[in-house]
Structure formats: structure tokens, C-alpha cells
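# would you be able to build a 3D model of this:
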Amino acid sequence: MSVLDWIVFGEERIRITMELDQLQDHIRRIYGSKDNTRGKDGTFIWLVAEVGELGEAVRLGRKGGLEEEIGDCLAWLATLANVVGVRLEDAIQKYVDVCESCGQCPCACEGKP
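Sure, this is the predicted structure:
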């Protein structure tokens, strides 16, 4: 599964994609030492704070804020996964093929989110 990233060369920004494993490893390389020192409880608190900021951006309809806050949430989720030893690629598997409840794509469940 790919996510987007930017590489900056001088003043030029080049858009690239990276797999979830690459994203998780990238976050680990940059922040891993600090994350492990903070631990799972502190990391979870930061993730929840970012989700709160995302909720505010959604409520206020700030598109630029939405992109930034979704990015922050994804980074903190990758951080939490690193701290607790979970691969994002493994964690997302139940959503890859079909709806886990009805077995269809797109989902045909009635009355469920």
C-alpha cells in the first residue's frame, strides 16, 4: 500500500510514493529513539491529541488543516505501531479485500458504518 511523500532537492519538491512499511521505517529512523523513550502511554496521548486536532479541522471545514492533521495522525499512528511492535501492513490486512462483515466490495451492509 502506498502513501505519498515529498523529497526536496534544493528548491524543487518531488512527489514520491512509499509503502506503509517504508513509511513506518522512515518514522522510526527519524524519531525512533525519542519515541522509545516516551513509551507507549506517552505516544498514545500524543496520537489522541492529534486526533482531537483533526476533529477540530473537520468541524471547522479547514481543508489545509485537514491534510496537515491527517498527516499528523498517520505519523503518530506509525509511531505508536513502532513503539508497540506492530507492522501497519499487518494491521490493515482485514480491510484490503472485502468488507469483513458482508464479504462484498463495495460493502453492502445495511445500517452499519
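
# please work out which residues outside the helix or strand where residue 64 lies touch it.
Assigned by DSSP states H and E, residue 64 falls within helix 63-84. Helix 63-84 is contacted by residues 3, 23-24, 27-28, 31-32, 35-36, 38-40, 43-44, 46-47, 50-51, 53-54, 56-58, 87-88, 91 when judged by CB atoms under 8 Å, 6 or more residues apart in numbering. Heads up, the C-betas are built off the backbone N, CA and C, glycines and all.

# which of those residues fall in helices?
23-24, 27-28, 31-32, 35-36, 38-40, 43-44, 46-47, 50-51, 53-54, 56-58, 88, 91 (DSSP state H).

# thinking again about what came up before, buried residues in the helix holding residue 64?
69, 72-83 (16 or more other CB atoms under 10 Å).

# let me know the closest of those to residue 106.
residue 74 (23.4 Å; CB to CB).

# check the gap between the closest one and residue 94 for me.
Residue 74 sits 18 Å away from residue 94, taking CB to CB, to the nearest Å as the criterion.

# cool, residue 84 as well?
From residue 84 over to residue 94 (counting by CB to CB), the distance is 18 Å.

# now residue 110
20 Å.

# repeat for residue 29
28 Å.

# thinking again about what came up before, now which of the ones in helices among the contacts of helix 63-84 would you call buried?
Neighbour counting over the ones in helices among the contacts of helix 63-84 (16+ other CB under 10 Å) leaves 23-24, 27-28, 31, 35, 38, 43-44, 46-47, 50, 54, 57, 88 as the buried ones.

# just the pLDDT for the residue most central in space within the chain.
The chain has residue 74 as the residue nearest its centroid, 2.1 Å off, counting by CA atoms, centre = their mean. The model reports residue 74 with a pLDDT of 95.
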